[in-house]
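>>> Sequence first, predicted coordinates after that:
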Amino acid sequence: GESVGLHLPTLSVQEGDNSIINCAYSNSASDYFIWYKQESGKGPQFIIDIRSNMDKRQGQRVTVLLNKTVKHLSLQIAATQPGDSAVYFCAENYGGATNKLIFGTGTLLAVQP
Amino acid sequence: DTEVTQTPKHLVMGMTNKKSLKCEQHMGHRAMYWYKQKAKKPPELMFVYSYEKLSINESVPSRFSPECPNSSLLNLHLHALQPEDSALYLCASSPTGLTNYGYTFGSGTRLTVV
């Protein structure tokens, strides 16, 4: 299930299940979105991106959905594995004259064996 | 080379010290970024350099001083920091400041101010 901790929402799933991580973004003018995975002690690792002219993009085991009407992004991970355990951040690019990549709150994904 | 390299990986400094964080990339990217990340929080943007010029300063205190000596290097000079400045400092780069794709992050410098 999903719960909101003091600072970081947590999603617990069983190994092999599909995971869905949600993100609300703030700027209706944002034109590009990225999902990052961050493991403890490491920098953010790119997972998948999507431009604002698309509503769905698929990668290997991951799918990103974009709903601009409600400013919502989701990351779907198929057949979740223990190695998927990490914090997941969505990030939005504000665009304009200079890139400005702003991160969402983050979700801790805990995969139970 | 598809990496952003940050040094040192760990740094402990006193409040009266002066130290520098370094970031290097050889991907030909022309935009570079500094972020600060506290535990269980998302990275927060501090500075953006585009074509070696500072283009965004997110109201960062002057005790943090960025420098971009050339298109491959980005430094963050630290002076008179406070304990609350302890955090993970992340560097990132992207192809240009005007093209919104291809952000690559380093592994960060874990800074502790004592």
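That came in fine, so what should we check first?
>>> Provide the contact partners of stretch A:15-24 at residue level.
With CB atoms under 8 Å, 6 or more residues apart in numbering or on different chains as the test, stretch A:15-24 has contacts from A:11, A:13, A:35, A:70-82, A:84, A:88, A:90, A:104-105, A:107, A:109, A:111-113. Quick note: C-beta positions are derived from backbone N, CA and C, even for glycine.
>>> any idea of the mean pLDDT in that stretch?
What stretch A:15-24 shows for mean pLDDT is 96.
>>> May I see the buried residues of that stretch?
A:19, A:21, A:23 (16 or more other CB atoms under 10 Å in any protein chain shown).
>>> for stretch B:96-114, same thing?
Neighbour-count burial for stretch B:96-114 flags B:96-97, B:100, B:102-111, B:113 (criterion: 16+ other CB under 10 Å).
>>> can you tell me which of the residues you listed are in helices?
Counting by DSSP state H, the buried residues of stretch B:96-114 place none of their members in helices.
>>> Nearest to B:Gln6, out of those: which one, please.
Checking the buried residues of stretch B:96-114 against B:Gln6 by CB to CB gives B:Gly106 as the nearest, at 3.9 Å.
>>> ok, B:Tyr33 touching B:Glu44?
No - when contacts are counted by CB atoms under 8 Å, B:Tyr33 is not listed as touching B:Glu44 (11.0 Å).
>>> Compare those two (neighbour count), which wins?
Neighbour count, other CB atoms under 10 Å in any protein chain shown: between B:Tyr33 and B:Glu44, B:Tyr33 has more, with 27 against 16.
>>> That one should be in a strand, yeah?
Yes - according to DSSP: H, G, I helix; E, B strand; the rest coil, B:Tyr33 belongs to a strand.
>>> In the sheet, which residues pair with it? Tell me.
With DSSP bridges as the criterion, B:Tyr33 is bridged to B:Val48, B:Ala92.
>>> In chain A, what residue lies closest to chain B?
A:Phe103 (3.6 Å; CB to the nearest CB).
>>> Flag the shaky bits of chain A, pLDDT-wise.
Applying pLDDT under 70 to chain A picks out residues A:1-7, A:96-98.
>>> Skip the chain neighbours and tell me the closest residue to the residue of chain A closest to chain B.
Distances taken as CB to CB, 6 or more residues apart in numbering or on different chains place B:Pro42 nearest to A:Phe103, at 3.6 Å, with adjacent residues excluded.
>>> what's that neighbour in contact with, if anything?
Shown in contact with B:Pro42 (CB under 8 Å, 6+ apart): A:89, A:103-106.
>>> Would you format those residues as CSV with neighbour count included?
Conversion of the contacts of B:Pro42 to CSV gives the following (neighbours: other CB atoms under 10 Å in any protein chain shown):
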residue, neighbour count
A:Phe89, 23
A:Phe103, 21
A:Gly104, 20
A:Thr105, 16
A:Gly106, 23
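>>> Among these, which lie within strands?
Under the assignment DSSP state E, the contacts of B:Pro42 contribute A:89, A:103 to strands.
>>> Between the contacts of B:Pro42, which sits nearest B:His29?
A:Phe103 (19.2 Å).
>>> what's around B:Tyr51, how many residues?
By the measure other CB under 10 Å, the count of residues near B:Tyr51 is 12.
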